[in-house]
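K.L.:
Structure, please.
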Amino acid sequence: MSEKSESKRLGAKMHKNSGRGTHKGDATWENFTVDFKEVGKSFTLNKDVWAKATTDAIRNNNDPAIVVVIGDSGIKTRLAVIEMSILEQLIGDITSE
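P.N.:
Numbering: from 1, shown residues only. Predicted coordinates for the structure are as follows:
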C-alpha cells in the first residue's frame, strides 16, 4: 500500500510531502483530513495519535479521520476511525432520507 494508491482508491486529494507543508495530514477526502496507517498485524490507537489527527484536521478546517490498512500481503482490511458524533450525524442523514 502507498498513501497515493489508498488516496486514489478513496478519491481523496493527496497533500504534498504527506502534510509537512501548509496542508496537514496525508490527504483530504470529503470533509475529512485523512491520516493513512499501513500495518502488518496491529495498530495502536492512543490519545497522542488521535490528538495529532485532530490537530491536523483543525488546521485544515476539516474533521479528522485515520484510515488503517491491516495486512502484509494479499487480503487487506481497511478501517476508518472517526469521531462518534460524526458517525451519528452520518447515520442520521441516511435515516432521514
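K.L.:
what's around residue 88, how many residues?
P.N.:
10 (other CB atoms under 10 Å). No exception for glycine: its C-beta is placed from N, CA and C like everyone else's.
K.L.:
which SSE is it in?
P.N.:
helix 84-95 (DSSP states H and E).
K.L.:
Repeat that for residue 56.
P.N.:
helix 47-59.
K.L.:
got the buried residues for that helix?
P.N.:
For helix 47-59, burial by neighbour count (16 or more other CB atoms under 10 Å) applies to 52-54, 56-57.
K.L.:
which of these lies closest to residue 74?
P.N.:
Residue 74 lies nearest to residue 53 out of those, by CB to CB, at 27.6 Å.
K.L.:
Double-check the closest one against residue 63; I have them as touching.
P.N.:
No: in this structure, residue 53 is not within contact of residue 63 by CB atoms under 8 Å, at 9.8 Å.
K.L.:
Show me the two of the buried residues of helix 47-59 that sit farthest apart.
P.N.:
Top of the distance list for those (CB to CB): 52 and 57, 9.7 Å.
K.L.:
Other residues contacting the helix holding residue 88?
P.N.:
Here helix 84-95 makes contact (CB atoms under 8 Å, 6 or more residues apart in numbering) with residue 63.
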